[in-house]
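**Student:** for reference, the sequence and a predicted model appear below.
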Amino acid sequence: MRCKATTKQGRSCRNAASQGSAFCATHNDNLDVAEVASTALGGILGNFVVPGLGGAIGGAIAGNLVNRIVREQKMAKKKVFVSFDFDNDKIIKDFIIGQSKLPDSPFEVSDHSLKEAAPESGWELKAKAAISRSDIVIVMVGPHTHRAHGVLKEVRMARNAGKHIVQIIGYRDGDYTPVPDAGRLYRWNWENLKSLLG
């Protein structure tokens, strides 16, 4: 989640918000209107339920706690399963994992394609379990991905599990064929990733 502050130049701050805060470390001393409002509302409701100072303080604490829980749920990153052509495109898998570790990344890679041939026995069961744990499946598309048997099976598994699938072109240059039944094909850039996965 991005910092809610505005810079001295009047632009939105592009830093990632600190854990449990609406602001980055630079702007952490800013007043969080949502936090103040939820604390005040909690205090009013607490006083209404249990009249007196104790009810108001207890309600204020509860209101503040609810606000923090809601904020942390918003900051929770989506769990992504990355499907890719294991034999030809391992490098793009490493790049997407690297991007998932950026501070303002809205996603984390929970798992990725396995080698479909021996010695990885039972890869289909492992892939199905990993896909079921994910929120979304990203298919990283390279020159041969649309014919990669493992990717085609993973897409079927994701469809059967009702998972949202996004295809991302894994390389800068070239003309790539989308994987059948895996949704629209997008260019790989940071803004696309954040809007698709945010």
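**Tutor:** Now that the structure is in, tell me what you want to look at. Numbers count the residues shown, from 1 in each chain.
**Student:** which residue ranges of this protein form strands?
**Tutor:** Here the chain has its strands, by DSSP state E, at 78-83, 107-112, 136-141, 164-169, 185-186.
**Student:** I'd like those written out as JSON lines, with mean pLDDT added.
**Tutor:** Compiled in JSON lines, the strands of the chain are given as follows (pLDDT from 0 to 100):
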{"stretch": "strand 78-83", "mean pLDDT": "90"}
{"stretch": "strand 107-112", "mean pLDDT": "81"}
{"stretch": "strand 136-141", "mean pLDDT": "93"}
{"stretch": "strand 164-169", "mean pLDDT": "92"}
{"stretch": "strand 185-186", "mean pLDDT": "89"}
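**Student:** so which of those is nearest His149?
**Tutor:** With Cβ to Cβ, the closest approach to His149 among those belongs to strand 78-83: 11.8 Å. All C-beta spots, glycine's among them, are computed from the backbone N, C-alpha and C.
**Student:** care to break this protein down by domain?
**Tutor:** Here the domain parsing of the chain from automatic domain parsing is 33-75, 78-197.
**Student:** tell me which of the strands of the chain sits most buried.
**Tutor:** Mean neighbour count (mean count of other Cβ atoms under 10 Å) peaks for strand 136-141 among those, with a mean of 26.
**Student:** who does that one pair up with?
**Tutor:** Applying DSSP bridges, strand 136-141 is found paired with strand 78-83 (parallel), strand 164-169 (parallel).
**Student:** dump stretch 167-185 to CSV, restricted to CA.
**Tutor:** Extracted C-alpha coordinates of stretch 167-185, given in CSV (Å, rounded to 0.1, in the frame of the first residue of the first chain):
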residue,chain,number,x,y,z
GLN,A,167,-1.0,-13.8,-18.9
ILE,A,168,2.1,-11.6,-18.9
ILE,A,169,4.6,-11.4,-21.8
GLY,A,170,7.9,-12.4,-20.2
TYR,A,171,10.2,-10.6,-22.7
ARG,A,172,10.6,-7.1,-24.1
ASP,A,173,10.8,-8.0,-27.8
GLY,A,174,9.0,-10.5,-30.0
ASP,A,175,5.5,-11.6,-31.0
TYR,A,176,4.0,-14.1,-28.5
THR,A,177,1.1,-16.5,-28.8
PRO,A,178,-1.2,-16.5,-25.9
VAL,A,179,-1.8,-19.7,-24.0
PRO,A,180,-5.2,-21.1,-24.9
ASP,A,181,-8.0,-20.5,-22.3
ALA,A,182,-5.7,-18.4,-20.1
GLY,A,183,-7.3,-15.0,-20.6
ARG,A,184,-5.9,-11.8,-22.0
LEU,A,185,-2.2,-11.2,-22.8
